[in-house]
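Asks: My questions concern the predicted model and sequence given below.
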There are 2 protein chains.
Amino acid sequence: MGIKELARHLNISIGTVSRALNGHPEVNAETRKRVLEAAAALGYAPDQAGRSLRQGTLNVVALPLSTDLSSKTDTMFFMELSRGIQDRLSEHGLDLVIHLNKPGLDMLDRVKRIVERRQADALILAETRDDDPRLDYLAGRSFPFATMGRSWSGGSHPWMDLDFDFAMRAAVDRLAGFGHRRIALVTGDPGYMLDTMLRDAYRRELTGHALAVDEELMIKADTHEEGGYQAMTRFLALDAPPTAVIFPHYRAVVGAYSCLAEAGLQPGRDIAILSCSADTTIAQFMAPPLTCFRIDLYSLGRRLAEALLAAMPRFAESYGGALVQEVWPWELVGRDSDGFLLR
Amino acid sequence: MGIKELARHLNISIGTVSRALNGHPEVNAETRKRVLEAAAALGYAPDQAGRSLRQGTLNVVALPLSTDLSSKTDTMFFMELSRGIQDRLSEHGLDLVIHLNKPGLDMLDRVKRIVERRQADALILAETRDDDPRLDYLAGRSFPFATMGRSWSGGSHPWMDLDFDFAMRAAVDRLAGFGHRRIALVTGDPGYMLDTMLRDAYRRELTGHALAVDEELMIKADTHEEGGYQAMTRFLALDAPPTAVIFPHYRAVVGAYSCLAEAGLQPGRDIAILSCSADTTIAQFMAPPLTCFRIDLYSLGRRLAEALLAAMPRFAESYGGALVQEVWPWELVGRDSDGFLLR
DNA sequence: CTCTATTCCGTAAACGTTTACGACGATAGC
DNA sequence: GCTATCGTCGTAAACGTTTACGGAATAGAG
């Protein structure tokens, strides 16, 4: 099953077998054919460990994800993104493997382990925080990586991100156009770039529309159903509840819908709900269907992979070697959850 | 950074360094302390490729998932399960890595590649089909693996599964107790064990309650929102629509709810909806909250990992080496989607 | 026929570990 | 003082690849 056995079976030296399999030019066409056929027949595939040891490359890109992902964030988002990444990487013979963090071991330690034990040639990071120590660590060791979501300083590493400024402008434009003047915003964990950017953009857009910024209408909540439920409960308890609420994540909207239903209120009639999350299948099947933003996550994943490839020495030449940092536009898809005119 | 450099830095032979790091007894306590301190200070971690090459083990368990998972099945389920698996494996120094299938390359090829290139010491398979060629392949090469979900024959490999017979009995008992006599069932892709078992159990339970089995009330649909929507549409078009519907997956229920809302019908009042999927956060926030089944997926994942460990030669002794195949009970959690008495 | 260039292939070293084997000094038993 | 035991450590081989180097055979040019 090893290359030695394969070579002995063919009466050829292992060097020639290796060259034949790896497409080197200095091997006879006839010999190559024999080798390839024998390899296929005997089910030979090169041992990753041996190959990796020799040429210092593993053909693996790692994507560490926190293990509480399921309870807090949008798994659909990552699945669709990963699909794009994987497809693009595999065109270069690279595999994407997802590492789940065991709790207790924090994200930095997990990244350190992957790097030090050489478990991957490159990394893709998601869920980056405002001051993420992983970025400095990787940059310091000049380990190739790319991130989903920009970091605070912009950084000198490749990333893809979504245009949240545009999203907030489109959201406020739309809601204000419907006549809303008390527009609320629910953000998540303040440690993440995403939420900071959303809050900044929110203030800016409200001011741009000559609307007062009421701190009561900006609250932080967990990004899942329970968080959305609690946030909406707090809003309804106000003396002057908002007439429209912008949610970052669709899962929070599910909680909000539930809260409203219990209060006898109907989204899209009694209160406007708009989500600046990526559109998911579930959004169009909610009752009423949810207004949110359309983005091609698959293509975004592919592009993120390209950004990473451009930062890997092995592939840099094919990609011009330029640093790829892109903010992706998206498109507001209006549905019934906020589509009504306020008298 | 290598063990050689570390050894030179300490004026010790590399053999001793290796023994110190790996906890062999024949090394002086003082020496071990020096080695460990130096390793920590210099950030040394053993190269996985070198170690793997030498001792033929990688400390990695692979979990291949199909890339269209996001569009078709329940990602929450796998995330929560994976969390349990990962936690348990890491107690033995093993890592769980998730391989996403690129489309085109089918599941068997992916598994073959992992085995032949020795990219993992063991496998965990999900989404197994009635006649899954991967099982025979792995068993034939006596490669350690475990599956989530039993296979048709039961097989001689370790697995965990859920008690769908119990679920269907509990479901029909409950619905019949509420007075329903036209109880429908929506199943998914007929290639999967799950759906076959559900259909068999459904017929059995209906007969047990002296209810006629109407083929019109058993339809196949995709397991996501769109499928649920279509299934419900077909039911409503019947001359005698069902008064209760059992759905396998909660995502399909979302589609069904949407369909009912458009028809002016309300689940839990005009029609009973019950899901025999695992309870998810979203289920209790649906309007009305969905009746489904509670299961501790995290613990199930841990147990699945143990079943696998027992089948790995390295760990078999610690686990008694017995074949672990378990059907897990779960608990019906009644909510409002079906909780009404039919007059 | 000789010299050179080309094509093809075998040899062996190297990658970073782990571990069987043997060696060394010290201690203990007689 | 000789041998046996024990604790500790160094040496070197081995894992499965890839690839630099050199060699043999062939072909082409003069």
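Replies: Received, thanks. Since the model is a prediction, treat every value here as computed from it, not as a measurement.
Asks: separation between the closest residue to A:W152 other than its chain neighbours and chain B?
Replies: Closest residue in space to A:W152, ignoring its immediate chain neighbours: A:D130 at 5.0 Å, by Cβ to Cβ, 6 or more residues apart in numbering or on different chains. All C-beta atoms are positioned from the backbone trio N, CA, C, and that covers glycine. A:D130 sits 25 Å away from chain B, going by Cβ to the nearest Cβ, to the nearest Å.
Asks: quick one: contacts for A:D130?
Replies: By Cβ atoms under 8 Å, 6 or more residues apart in numbering or on different chains, A:D130 lies in contact with A:S151, A:W152, A:G191, A:Y192, A:M193, A:T196.
Asks: Tell me the pLDDT of it.
Replies: pLDDT for A:D130: 80.
Asks: now swap in the one 3 residues further on and tell me
Replies: What the model reports for A:P133 is a pLDDT of 92.
Asks: likewise the one 10 residues further on?
Replies: Residue-level confidence at A:F143 comes out at 96, pLDDT.
Asks: Over to A:A307?
Replies: With respect to pLDDT, A:A307 has a value of 97.
Asks: ditto for A:L105
Replies: Looking at A:L105, its pLDDT stands at 61.
Asks: Let me see the ranges of the strands in the stretch 201-343 of chain A.
Replies: In the stretch 201-343 of chain A, the strands defined using DSSP state E, counting those that start in this stretch lie at A:218-220, A:244-247, A:272-278, A:291-294, A:325-328, A:331-333.
Asks: which of those sits most buried?
Replies: strand A:244-247 (a mean of 28; mean count of other Cβ atoms under 10 Å in any protein chain shown).
Asks: quick one: contacts of that one?
Replies: If you take Cβ under 8 Å, 6+ apart as the criterion, strand A:244-247 is touched by A:168, A:171, A:175, A:178, A:180, A:182-186, A:202, A:228, A:231-232, A:235, A:253, A:256, A:271-277, A:338.
Asks: Show the buried residues in the contacts of A:D130.
Replies: Buried by 16 or more other Cβ atoms under 10 Å in any protein chain shown: A:S151, A:Y192, A:M193, out of the contacts of A:D130.
Asks: ok, so of these, who is nearest A:A126?
Replies: For the buried ones among the contacts of A:D130, the minimum distance to A:A126 (Cβ to Cβ) is 10.7 Å, reached by A:Y192.
Asks: Just give me the neighbour total for A:S318.
Replies: A:S318 has 11 neighbours, counted by other Cβ atoms under 10 Å in any protein chain shown.
Asks: correction: A:G154
Replies: By other Cβ under 10 Å, neighbour count at A:G154 equals 9.
Asks: same question, A:A29
Replies: 8.
Asks: Looking at it now. What's its pLDDT?
Replies: 94.
Asks: what about chain A, any weak spots by pLDDT?
Replies: Applying pLDDT under 70 to chain A flags the ranges A:67-73, A:102-105.
Asks: And for it, the residue most distant from the center?
Replies: Of all residues in chain A, A:N11 has its C-alpha farthest from the mean position, at 50.2 Å, by Cα atoms, centre = their mean.
Asks: For that one, which residues are in contact?
Replies: A:N11 touches nothing, counting by Cβ under 8 Å, 6+ apart.
Asks: got it, and A:M148?
Replies: Residues in contact with A:M148, defined by Cβ under 8 Å, 6+ apart, are A:L81, A:I124, A:L125, A:A126, A:T128, A:W159, A:M160, A:D161, A:L304.
Asks: Keep only those of those residues that are in strands.
Replies: Among the contacts of A:M148, DSSP state E puts A:I124, A:L125, A:W159, A:M160, A:D161 in strands.
Asks: what's the most distant pair in the contacts of A:D130?
Replies: The span of these, defined through Cβ to Cβ, is set by A:S151 and A:G191 at 12.0 Å.
Asks: returning to what we had before: make JSON lines out of the buried ones among the contacts of A:D130 and add distance to A:G320.
Replies: Formatted as JSON lines, those follow (distance: Cβ to Cβ, whole Å):
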{"residue": "A:S151", "distance to A:G320": "23"}
{"residue": "A:Y192", "distance to A:G320": "31"}
{"residue": "A:M193", "distance to A:G320": "27"}
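Asks: With respect to chain B, which of those is nearest?
Replies: Checking those against chain B by Cβ to the nearest Cβ gives A:Y192 as the nearest, at 19.3 Å.
Asks: Isn't A:D47 up against B:R117?
Replies: Yes - counting by Cβ atoms under 8 Å, A:D47 touches B:R117, with 6.5 Å between them.
Asks: More neighbours: the two, which one.
Replies: Between A:D47 and B:R117, counting by other Cβ under 10 Å, A:D47 is the more crowded of the two (20 against 17).
Asks: A:T207 versus A:A167, what's the distance?
Replies: From A:A167 across to A:T207, the span is 17 Å (Cβ to Cβ, to the nearest Å).
Asks: Which secondary structure elements does the helix or strand hosting A:G15 sit against?
Replies: Assigned by DSSP states H and E, A:G15 belongs to helix A:14-21. Helices and strands touching helix A:14-21, as assessed by 3 or more Cβ pairs under 8 Å, 6 or more residues apart in numbering or on different chains; DSSP states H and E, comprise helix A:3-10, helix A:29-42.
Asks: tell me which residues of stretch A:109-117 are tucked away?
Replies: Judged by neighbour count (16+ other Cβ under 10 Å), stretch A:109-117 contains these buried residues: A:R110, A:V111, A:K112, A:R113, A:I114, A:V115, A:E116, A:R117.
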